[in-house]
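J.: Predicted model and sequence follow; I will ask about them next.
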Amino acid sequence: MVGVGRTIDWTDGAVVIVDQCALPAEHRLLRLETVTELIGAIQRLAVRGAPALGAAGALGVALAARAHDGDAGAVRADAERLATARPTAVNLRWGVERALAKLPGGTEAVLAEALTLLDEDVRVNREASGHAARLLLDRCERRPLRLLTHCNTGRLAAVDWGTALGVVRHLHAARQLEYVLADETRPLLQGARLTAWELAQEKIPYRLLPDSAAAAAMARGLVDAVVVGADRIAANGDTANKIGTYAVALAAARHGLPFVVVAPSSTVDGELPDGGAIVLEQRAPEEVTHVAGTLVAPEGAEAFNPAFDVTPVDLITAVVTEHGVVAGSAR
Ligand SMILES: CSC[C@H]1O[C@H](OP(=O)(O)O)[C@H](O)[C@@H]1O
């Protein structure tokens with residue numbers, strides 16, 4: 001059920017999500033009854049995070065199948081609008097296509113596939129984050145661990161549990177975590193608003209830091225390892241993730257710290273040989289020139305606001321999915 005553990009689910013013919021734009025001030029649910037409403041929620045990041053986008057894509061096809069019952073052309077047109085709502089996370093199109101493949105079996109078959117995908121997401125991310133937690137315990141001597149993370153990769157970025165933050169949950173449960181250093185993650189502050197909220201909810205020790213302080217934290221010996229999520233992983237292991245991830249990887253390499261990417265295998269795009277071809281979403285300048293709706297730059301200031309960057313695999317210790325380590329120097 002949404003809110004209790006799940007970030008996104010299907011309730012009485014609608015997609016119901018936790019409205020991530022309202023957090024941390026308010027934990028409220030949004031009921032989305034049409035594909036257009038769902039696309040709007042995806043594009044304003046009310047629902048966000050690669051695995052959660054996969055679930056949204058699949059459930060969105062169920063909405064389309066119900067709305068256009070019997071009109072496969074109309075369903076496919078809505079499915080394409082969904083799949084292109086945000087370009088970088090491969091999971092969105094993957095979820096759409098998973099559900100669309102069941103369309104010949106009818107509306108209920110599409111919904112059944114989408115609900116199966118949601119259940120899978122939780123299991124797969126628990127497995128992937130479990131592998132990554134064990135890898136970090138193998139590679140890091142110090143106990144308990146002090147992890148730095150970027151953006152939000154917890155249950156809010158998935159159906160439940162999460163990827164990199166799933167590692168934190170495993171380690172915390174095993175009493176092997178001292179604290180988390182969470183990058184605020186400008187400009188949309190997924191770390192400050194969402195990761196901090198998740199960790200506070202579970203009384204997991206954390207400190208928030210400006211993105212610009214991540215390298216300094218490593219230089220001061222405050223970090224044992226870095227763990228992040230992913231939005232699209234190329235066949236060679238190059239990884240697209242939230243803007244700022246590449247800088248964190250450079251700093252981790254400089255300080256000889258493990259840098260681990262955790263994602264479900266649905267985030268791997270085997271058709272891309274390397275990260276050079278990953279489409280990186282560019283977002284509105286206002287996300288940079290304004291803070292909480294207040295202009296903080298000169299009127300008319302231009303901005304460079306890519307939502308993602310690519311970390312080359314040579315800076316990644318391990319890319320870990322439910323299948324274990326699939327790329328990186330730890331293979
Ligand atoms: C569990 S992967 C989450 C992944 O998605 C985030 O992007 P966004 O907040 O724009 O959806 C970020 O890249 C996270 O690492």
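T.: All right, it came through fine. Keep in mind that what you see is a predicted model, and the values were worked out from it rather than measured. Numbering: from 1, shown residues only.

J.: who's in contact with D309?
T.: The contact partners of D309, taken as Cβ atoms under 8 Å, 6 or more residues apart in numbering, are 240-247, 280. For the C-beta atoms, the positions are set from N, CA and C on the backbone; glycine is no exception.

J.: again, 6 Å this time
T.: D309 makes contacts with 243, 245-246, as judged by Cβ atoms under 6 Å, 6 or more residues apart in numbering.

J.: now P144
T.: For P144, the contacting residues are 176-178, by Cβ under 6 Å, 6+ apart.

J.: Please report how far D224 lies from R44.
T.: Computed with Cβ to Cβ, to the nearest Å, the distance linking D224 and R44 is 36 Å.

J.: More neighbours: the two, which one.
T.: D224 (21 against 13; other Cβ atoms under 10 Å).

J.: quick one: the more buried one and the ligand, what's the gap?
T.: Plainly put, D224 is 20 Å away from the ligand if you go by Cβ to the nearest ligand atom, to the nearest Å.

J.: Also I243?
T.: Following Cβ to the nearest ligand atom, the distance that separates I243 from the ligand is 8 Å.

J.: Correct me if wrong: that residue contacts F304.
T.: No. Using Cβ atoms under 6 Å, I243 is not in contact with F304; the gap is 9.7 Å.

J.: So between the two, which is more surrounded?
T.: For I243 versus F304, the count of surrounding residues by other Cβ under 10 Å is larger for I243: 23 against 8.

J.: in what helix or strand does the closest residue to P187 other than its chain neighbours lie?
T.: The spatially closest residue to P187, leaving aside those adjacent along the chain, is E287, at 4.4 Å (Cβ to Cβ, 6 or more residues apart in numbering). E287 is located in helix 286-289, with elements delineated by DSSP states H and E.

J.: Wondering if stretch 141-156 reaches the ligand at all.
T.: Yes. Using Cβ under 6 Å from any ligand atom, we find that stretch 141-156 touches the ligand at 151, 153.

J.: list the buried ones in the helix ranked longest in the chain?
T.: When every helix of the chain is counted residue by residue (DSSP state H), the longest turns out to be helix 107-139. Within helix 107-139, the residues that qualify as buried by neighbour count (16 or more other Cβ atoms under 10 Å) are 107, 109-111, 113-115, 117-118, 120-122, 124-137.

J.: helices and strands around it, which ones?
T.: Here helix 107-139 is seen to pack against helix 50-67, helix 90-100, helix 164-173, strand 259-262, strand 318-321 when contacts are counted using 3 or more Cβ pairs under 6 Å, 6 or more residues apart in numbering; DSSP states H and E.

J.: Export the first one to CSV, keeping only CA atoms.
T.: By that I understand helix 50-67. Below are the C-alpha coordinates for helix 50-67, written out as CSV (Å, rounded to 0.1, in the frame of the first residue of the first chain):
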residue,chain,number,x,y,z
ALA,A,50,15.0,5.1,-11.9
PRO,A,51,13.2,2.0,-10.4
ALA,A,52,10.1,4.1,-9.4
LEU,A,53,10.0,5.4,-13.0
GLY,A,54,10.0,1.8,-14.3
ALA,A,55,7.0,1.1,-12.0
ALA,A,56,5.3,4.3,-13.1
GLY,A,57,5.8,3.4,-16.8
ALA,A,58,4.2,0.0,-16.3
LEU,A,59,1.2,1.3,-14.3
GLY,A,60,0.8,4.1,-16.8
VAL,A,61,0.2,1.5,-19.5
ALA,A,62,-2.5,-0.1,-17.3
LEU,A,63,-4.2,3.3,-17.1
ALA,A,64,-4.0,3.7,-20.9
ALA,A,65,-5.3,0.1,-21.5
ARG,A,66,-8.3,0.9,-19.2
ALA,A,67,-9.0,4.3,-20.8
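
J.: so who does the residue nearest to A307 when sequence neighbours are not counted touch?
T.: Take A307 and drop its neighbours on the chain: the residue closest to it by Cβ to Cβ, 6+ apart is E281, 4.2 Å away. Shown here is E281, whose contacts under the criterion Cβ under 6 Å, 6+ apart are 86-88, 307.

J.: Most neighbours among the contacts of P144, which one is it?
T.: Highest count within these by other Cβ under 10 Å belongs to L177, 24 neighbours.

J.: Tell me the backbone dihedrals of that one, please.
T.: With angles defined as degrees, to the nearest 10, L177 sits at phi -120, psi 120.

J.: In the sheet, which residues pair with it? Tell me.
T.: Here L177 shows beta-bridge partners L145, assigned using DSSP bridges.

J.: Give me the three-state assignment for R48.
T.: Reducing the assignment to helix, strand or coil with DSSP: H, G, I helix; E, B strand; the rest coil, the entry for R48 is coil.

J.: Fine, thanks again, bye for now.
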